[in-house]
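Participant: From the sequence below, what's the structure:
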Amino acid sequence: MKRTWGKSAGRFALLTAAPLIYGAGISLFLDPNHLAPGGMTGISVILSYLTGVGTGTILFLLNLPILILGAWKFGLRFILKTAYVVTLTSFVTDMLADRGAVTEDPLLAGLAGGVLIACGIGMAFRAGATTGGMDIIIKILRRRYRHLKTGFLFLCSDLVIASLSGLIFRNLNVALYALITVVVSGRTLNFVLYGGDEARMFYIITERPREIGERLLKNLEAGVTYLQGKGGFTGREKEIVFCAVHGPQGPQVEEIVKEEDPSAFMIVTSASEIYGEGYKDLFADVL
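Facilitator: As a prediction, the model looks like this:
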């Protein structure tokens, strides 16, 4: 019981700290320097400039219909943690807005802001939530258009929003600095989650292989393979769940396994390169 309460308290602490860091990155570095780092955050920075409404308020309003859509598509349980993160992020963003920019150097602001929002996103992922916005939209698009890669969709949305910011603010440098922020944020997020590894491989030995495999297929759209094994001590035949996922999805795999079989034996290993559908094209580098 104490162990369960400890895990819950730790997860709640991450869910609370993530918005504080994320909101600080927006209000103290990105927003006052007109840096729109892609996603709903970038759109909120642009709309705040055009309307005068607080960036945090706009961020909340933009995410509200997306959260409702996410609850419909993925279930209320999946979205509750994300709703908490989004709400607190919006509050913190508006609360810190009056403090002004920590630095007016756009390069330093982009670097620092990118690192902070990536740390916030990473902490939210580790607690089993997301920061809402494009994460949910792209997850829905991938269900309908499976041939589109997640990384490609994020890249396209970030490029469009950063380019739009250059037009709105009438400053090409602003768009370029925003793109730097996007790159820094992406690299930092990978490092926060998995030390920069591109993907993770999971070997899951469990009494509920089919249930775990089905959830991995449905919730994460991850490729799953059932390997045949035999217990060295018991001599019993077993099915081992094997799957490979992109780095940011790793905590979600762990969460699914914990929910389905807390006593499962799980081996997690790094994969520097993965070729195949959803990953790298086997022939892309030689053509």
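Participant: how about low-confidence regions in the stretch 101-250 of the chain?
Facilitator: Along the stretch 101-250 of the chain, the model assigns pLDDT under 70 to residues 142, 146-152, 190, 193-198, 248.
Participant: How about the secondary structure of residue 203?
Facilitator: Three-state call for residue 203 (DSSP: H, G, I helix; E, B strand; the rest coil): strand.
Participant: Helices of the stretch 51-200 of the chain, start to end?
Facilitator: Per DSSP state H, counting those that start in this stretch, the stretch 51-200 of the chain carries helices over the ranges 55-74, 76-95, 106-126, 134-144, 150-168, 172-194.
Participant: which one of those is the most hemmed in?
Facilitator: Among those, the stretch with the highest mean neighbour count (mean count of other Cβ atoms under 10 Å) is helix 106-126, at a mean of 23. Where you see a C-beta, it was placed from the backbone N, CA and C, and this is true even at glycine.
Participant: one step back: figure out which of the helices of the stretch 51-200 of the chain is closest to residue 21.
Facilitator: Counting by Cβ to Cβ, residue 21 lies closest to helix 106-126 out of the helices of the stretch 51-200 of the chain; the figure is 4.2 Å.
Participant: tell me which strands and helices that closest one is in contact with?
Facilitator: helix 2-25, helix 76-95, helix 172-194, helix 250-260 (3 or more Cβ pairs under 8 Å, 6 or more residues apart in numbering; DSSP states H and E).
Participant: Please repeat the previous calculation with a cut-off of 6 Å.
Facilitator: helix 2-25, helix 172-194 (3 or more Cβ pairs under 6 Å, 6 or more residues apart in numbering; DSSP states H and E).
Participant: Adding distance to residue 208, write the ones you listed out as TSV.
Facilitator: Output for the helices and strands packed on helix 106-126, formatted as TSV (distance: least, Cβ to Cβ, whole Å):
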stretch	distance to residue 208
helix 2-25	19
helix 172-194	25
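Participant: quick one on the thing from earlier: and the helices of the stretch 51-200 of the chain: which comes nearest residue 27?
Facilitator: helix 76-95 (5.1 Å).
Participant: what inclination does that closest one have with respect to helix 55-74?
Facilitator: Counting by axes from the mean of the first three to the mean of the last three Cα atoms, to 10 degrees, helix 76-95 points 170 degrees away from the direction of helix 55-74.
Participant: ok, back up a step: just send the helices of the stretch 51-200 of the chain back as CSV, with distance to residue 210 too.
Facilitator: Listed next are those as CSV, based on distance: least, Cβ to Cβ, whole Å:
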stretch, distance to residue 210
helix 55-74, 21
helix 76-95, 21
helix 106-126, 26
helix 134-144, 21
helix 150-168, 25
helix 172-194, 27
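Participant: quick one: which of those is nearest residue 49?
Facilitator: Nearest of the helices of the stretch 51-200 of the chain to residue 49, taken as Cβ to Cβ: helix 150-168 at 6.7 Å.
Participant: And that closest one, what does it pack against?
Facilitator: Secondary-structure packing of helix 150-168 (3+ Cβ pairs under 6 Å, 6+ apart): helix 39-51, helix 172-194.
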